Structures are given as C-alpha cells and as structure tokens.
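# Any chance you could fold what I've pasted below:
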Amino acid sequence: MTAPMTRPMPAPMPEPEPAALLEVSGLSLWRGSRKILDEVSLRLGRGETLALVGESGAGKSTIAVALMGLMSAREARVEGRLRFDDLPDLLALRERDWAGLRGRRMSMVFQDAGAALNPCYTVGSQLVSVLRRKLGLGRAEARTRAVALLEGVGINDAAARLSAYPHQLSGGMQQRVMVAIALACNPELLLADEPTSALDVTIQAQIIRLILDQTRARGASCIFVLHDLALASQSCDRIVVLYAGQVMEAGATRTVLERPLHPYTQALKSCVVEIGTDELAPLDGGVPAYDRMPAGCRFATRCPRAAPRCAAERPPLATLDGREIACWNPGDPA
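A predicted model of the protein is given here:
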C-alpha cells in the first residue's frame, strides 16, 4: 500500500517591515568647505530601535543633532530630505514649528547628563517646566506626573529627589533624570547620543535596558548613537555602520554583524573581544582630514580591498544579501 501524497509545506513568508516613522534621504552637511556628512540615507520603522555605529568622527552625533533641528544656518549648511511621519521634510520647518516638535514628538538624551542638566535649578523644576510648557499641565498635576516619571526610570524616593540639584546625584541618576525628561511627553522618536559614555561600566547596561524598556512600553522608536558593537548587537533591531560621514553598511543587526560584507564593518568587528577570539586586528592608519577626503569611498585610504575605482568613484548604497551596502568589492574576508 502506497503512502498518501503530502503537499510540501509552504516556505514561511518574511515578516513585513514596520511602517516608516523616519526616512532620511541624501543628508549632507557642510561646515564651511568641509563636507561632514556625505549623502546619508537611512530608514527607521515604527517601534524599531536603530544603532548608528562607527569610529569617533564618523558623523553619528552630527546626524542626531541634524535630526533634532539643532544645527543653525550659521553653523552649517544642510541638504537632503528628512521625512518624519506626516511631515514631508523637517529641513523645511521654521523654528517655531521645531519648537512644537522637539520634546513633544521627538526628544533626545545627550551624552553627558551632568552638562545637559542646568546646575542652577533642581531636577524637579526642570522636569516640571517641560511638562507645563509642552503639555499645559498645572503645577500640582505636573509635579505628580514628575514623581511618576522619576519612579518609572528607577529613582527611589522620587518625591524627595525633586528638590535635588544635579550635582547632588550620581552620574547614573543624572542620566535617569535625563531619560525621564526626554520621555516626559511620550515622544514618537527618542535619540540617545552615547547615553552611557560618561558612566561606569556597571551602570551602562542598566541605562540601555531602561531606555529600551521605556521606549518599547510607549511604542516609540529609538535611535542609539553608539561606538560599542556589543551594545548595538544586544539592544538594536537595525544597524547603520558609518565611516567619515558615509553609510558603509546597513540592515538588520543580526544580518550585518553575523556576516558583515563591507571591509569596514569587518574591521570594526575584528576589534571586538569575543569568546574564542585569539587576537584583535585593529585598523591601520586614521581617518583622512575632511579637506583631503577621497572623491569616492572615504574608506578607500584604509581598505585592504581598495582598487583605483574606489578612491575615484563613490559606490552607491545598493541592496545585497539582505542588507544595504556601499562597496565596489564586498564579500567575506579573505
């Protein structure tokens, strides 16, 4: 008796990408004649967490500042298109429009909370003023909400802490206050610029987990500016690898970090200490000065696979093997 024929199981359908909350297209930024950002493009879905990674000087923080509209025309010239939800181009907004957007729909946690918080005011007055100005709450209601926000970010005896000045708090507590201020109005987008760089290593993981838990509980999207690939791999859905103001590789974090195809991403990963790593392989040389950048790929001066075309002609950001990559000679390391 022959066995009945069975139909093959259909291949699982890939999960659709979440709707875009933010789309950056061709973002370029000049300081005088120096081109700091060179046609940066990226996408952030609703509820996603994105990491911007790269060496110092890669342009990570500059992107965050530009997204928040904190770059004046006197400081820099910015071109490109920044679409945020129903706003077709953030670069076209007037300052009074930005005033209604910052803090309310998008917010930022800065690197050094001790420098970002005003030393002349208590943390309570700084938090209450945000709630009153942005949400129109009365003083008593704002104070009650401020206590709840501080409790939500893990600050004990929150009511008493409202009367503390920033210098009376530890670095970790200052950063928790910054997170509470940034999330006070339930923004749709949070930018966290190296939020753990000034903290002890024992506190860093707590702050990253706090930001992730708080944004996910609110259904918000988050962009982390990081230099630590290990943190990026543990906390972010997607990753954008930057070098000297250009996007080298971007995609799902697991896809990019488990099998990087760009020589620069491979070099970054080779500098991370992992179990079973015999030795580290740091990159030779340094980032060229902005007035001496190659016309093509800016990594060409340090790339082990560079060809004459690389320095002369910029590679487009193209889709390859489940990620976007800008490279004329991509592939696994030799």
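# hey, where'd the strands end up in this protein?
20-31, 34-45, 49-53, 77-84, 106-109, 189-193, 221-226, 238-243, 246-252, 318-320, 323-325 (DSSP state E).
# And those: which comes nearest Ala205?
In terms of Cβ to Cβ, the element of those nearest to Ala205 is strand 221-226, at 12.8 Å. The way it works is simple: take the backbone N, C-alpha and C, and place the C-beta from them, glycine included.
# Can you list the strands that the closest one pairs with?
Paired with strand 221-226 in the same sheet, following DSSP bridges, are strand 49-53 (parallel), strand 189-193 (parallel).
# The strands of the chain: which one's closest to Val272?
strand 49-53 (10.9 Å).
# re earlier: out of the strands of the chain, the one nearest Met293 is which?
Per Cβ to Cβ, nearest to Met293 of the strands of the chain: strand 34-45, 7.3 Å.
# picking that back up, mind checking the strands of the chain for the one nearest to Arg161?
With Cβ to Cβ as the criterion, Arg161 lies closest to strand 106-109 of these, at 18.1 Å.
# helices or strands up against that closest one?
Contacts defined by 3 or more Cβ pairs under 8 Å, 6 or more residues apart in numbering; DSSP states H and E place strand 106-109 against helix 171-182, strand 189-193.
# how far out from the middle of the chain is the shortest one?
Using Cα atoms, centre = their mean, to the nearest Å, the mean C-alpha position of strand 189-193 is found 6 Å from that of the whole chain.
# and what of the longest one?
The gap between the average C-alpha position of helix 171-182 and the chain average comes to 18 Å, counting by Cα atoms, centre = their mean.
# For that helix, what does the pLDDT average out to?
Mean pLDDT, helix 171-182: 94.
# one step back: just send the strands of the chain back as CSV, with mean pLDDT, mean neighbour count and distance to Lys60 too.
Formatted as CSV, these follow (pLDDT from 0 to 100; neighbours: other Cβ atoms under 10 Å; distance: least, Cβ to Cβ, whole Å):
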stretch, mean pLDDT, mean neighbour count, distance to Lys60
strand 20-31, 96, 18, 13
strand 34-45, 96, 20, 10
strand 49-53, 97, 26, 4
strand 77-84, 96, 17, 16
strand 106-109, 96, 25, 13
strand 189-193, 96, 24, 8
strand 221-226, 96, 26, 4
strand 238-243, 97, 26, 6
strand 246-252, 98, 25, 11
strand 318-320, 96, 11, 22
strand 323-325, 97, 22, 17
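# would you list the ones you listed in TSV and tack on distance to Arg309?
Output for these, formatted as TSV (distance: least, Cβ to Cβ, whole Å):
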stretch	distance to Arg309
strand 20-31	22
strand 34-45	17
strand 49-53	26
strand 77-84	25
strand 106-109	39
strand 189-193	35
strand 221-226	31
strand 238-243	18
strand 246-252	16
strand 318-320	15
strand 323-325	16
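# closest to Cys297 out of the helices and strands packed on strand 106-109?
Minimum separation from Cys297 across these (Cβ to Cβ) falls at strand 189-193, 26.1 Å.
# Hey, what's the angle from that closest one to strand 34-45? Just curious.
140 degrees (axes from the mean of the first three to the mean of the last three Cα atoms, to 10 degrees).
# How about residues contacting strand 189-193?
The contact list for strand 189-193 (Cβ atoms under 8 Å, 6 or more residues apart in numbering) reads 21-22, 44, 60-61, 64, 67-68, 84, 105-111, 182-183, 211, 215, 220-225.
# so where is the protein shaky, pLDDT-wise?
The chain contains residues with pLDDT under 70 at 1-16, 273-282, 334.
# ranges for the helices of it?
Ranges of helices within the chain are 60-67, 95-101, 113-116, 123-135, 139-152, 158-161, 171-182, 201-218, 229-235, 253-258, 263-270, 308-312, based on DSSP state H.
# so which of the ones you listed comes closest to Glu75?
Closest among the helices of the chain, using Cβ to Cβ: helix 60-67, at 9.4 Å.
# May I see the buried residues of that closest one?
Residues 60-67 are the ones in helix 60-67 that count as buried (16 or more other Cβ atoms under 10 Å).
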